[in-house]
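Asker: Provided below are the primary sequence and the corresponding predicted coordinates.
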Amino acid sequence: MLLQTEWILFGVLQWNYLTAFVFAATLCLYALHRIVGMEKVKPFAEKYRYAIISKYQHHILFYAIVGAIVSAYLFFSLSFQNQLLIILPAILSLGYVVPFFGKNRRLRDFDYIKIFLIAIVWAFITVMLPIVERKGWAISLPDILMCIERSVFIFAITIPFDIRDLKVDKHIQVKTIPSIIGIPKSKLLAGVLLIIAFLLAVSLYVLTIYDWAVLLALSLSYFSTYLLITYSDKTEEDYFFTGLMDGTMIIQFLLIFVFKMGEGF
């Protein structure tokens, strides 16, 4: 999604130090989250995706170490302003997966907070970091609107994961949106958020930040994402969540790629 931002705003689609850093840091955090999280869900260790994580936890630990080393090295290749901007999201991300707090708690173990952290941090990293890398501190209103749009989209696709994790979150005594308002209203909320994301995309089209290809691609992305969200309470299959729901970010990028390429014909 960081590449998506750079392509839409600056017409650039290339692997660079910032992209590589975000990839390596994300690999580290995802792997670390899987390892640390197993301590919280021991009663489920033989079920669902946890059985696979238990079986391959040494491999996952290796990925975490490699990701940490590579991201630490790449950090010093970034511009000074991005080094400054990354500090707070990095601290929040580590706090999300590492139990720094009392009673062996992570940030995600506090009621309601995890979904907001994911949406805000992920949007900030994939929108604001490339903008500052290219433009410096000259942040404009369209930049902020794009960040909000991305955050709303990430929030929407995170709701199904909270639906999936209802049993686990109940076990570790963490309240989430689905546990309070129920599954039907949670899916409805996700739909409303996707409509808001679409309206923000329309506003960015009116402001000439998005062209018709980007707007059409995003519209299809939001519609297809909602169709997947409506199915999220009917399966606990990890391929659906890790593959399709997480994959909606990749699908969105591919749709933009296809429609942008279509402009040349």
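Answerer: Perfect, thanks for sending it.
Asker: okay, and the helix or strand of this protein with the least pLDDT?
Answerer: One helix or strand of the chain scores below all others by mean pLDDT, DSSP states H and E: helix 48-55, with a mean of 66.
Asker: and the next helix or strand past that helix?
Answerer: Downstream of helix 48-55, the first helix or strand assigned by DSSP states H and E is helix 57-75.
Asker: so, low pLDDT: which residues of the stretch 1-150 of the chain?
Answerer: For the stretch 1-150 of the chain, the stretches flagged by pLDDT under 70 are 37-54, 56.
Asker: could you pull out the helices for it?
Answerer: Secondary structure of the stretch 1-150 of the chain by DSSP state H, counting those that start in this stretch: the helices cover 2-10, 17-37, 48-55, 57-75, 80-97, 113-123, 129-135, 141-164.
Asker: redo those as JSON lines? Include distance to Thr176 and mean neighbour count.
Answerer: The C-beta positions use only the backbone N, C-alpha and C, and glycine is treated the same way. Formatted as JSON lines, these follow (distance: least, C-beta to C-beta, whole Å; neighbours: other C-beta atoms under 10 Å):
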{"stretch": "helix 2-10", "distance to Thr176": "27", "mean neighbour count": "20"}
{"stretch": "helix 17-37", "distance to Thr176": "15", "mean neighbour count": "19"}
{"stretch": "helix 48-55", "distance to Thr176": "17", "mean neighbour count": "15"}
{"stretch": "helix 57-75", "distance to Thr176": "24", "mean neighbour count": "15"}
{"stretch": "helix 80-97", "distance to Thr176": "14", "mean neighbour count": "16"}
{"stretch": "helix 113-123", "distance to Thr176": "7", "mean neighbour count": "19"}
{"stretch": "helix 129-135", "distance to Thr176": "28", "mean neighbour count": "20"}
{"stretch": "helix 141-164", "distance to Thr176": "4", "mean neighbour count": "21"}
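Asker: how close does Ile60 get to Arg105?
Answerer: In this view, Ile60 and Arg105 are 22 Å apart by C-beta to C-beta, to the nearest Å.
Asker: same thing with Tyr205?
Answerer: 43 Å.
Asker: Leu78 now?
Answerer: 31 Å.
Asker: got it, and Ala197?
Answerer: Distance, Ala197 to Arg105, using C-beta to C-beta: 31 Å.
Asker: again, but for Phe240
Answerer: 29 Å.
Asker: more neighbours, the two?
Answerer: Shown here are Phe240 and Arg105; by other C-beta atoms under 10 Å, Phe240 has more neighbours (18 against 15).
Asker: that one and Ala156: what is the separation?
Answerer: Going from Phe240 to Ala156 by C-beta to C-beta gives 16 Å.
Asker: rewinding a little: want to throw the helices of the stretch 1-150 of the chain into a markdown table with distance to Tyr226?
Answerer: Shown next, in a markdown table, are the helices of the stretch 1-150 of the chain (distance: least, C-beta to C-beta, whole Å):
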| stretch | distance to Tyr226 |
| --- | --- |
| helix 2-10 | 19 |
| helix 17-37 | 25 |
| helix 48-55 | 24 |
| helix 57-75 | 32 |
| helix 80-97 | 26 |
| helix 113-123 | 17 |
| helix 129-135 | 27 |
| helix 141-164 | 8 |
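Asker: which one of those lies nearest to Met261?
Answerer: helix 2-10 (11.1 Å; C-beta to C-beta).
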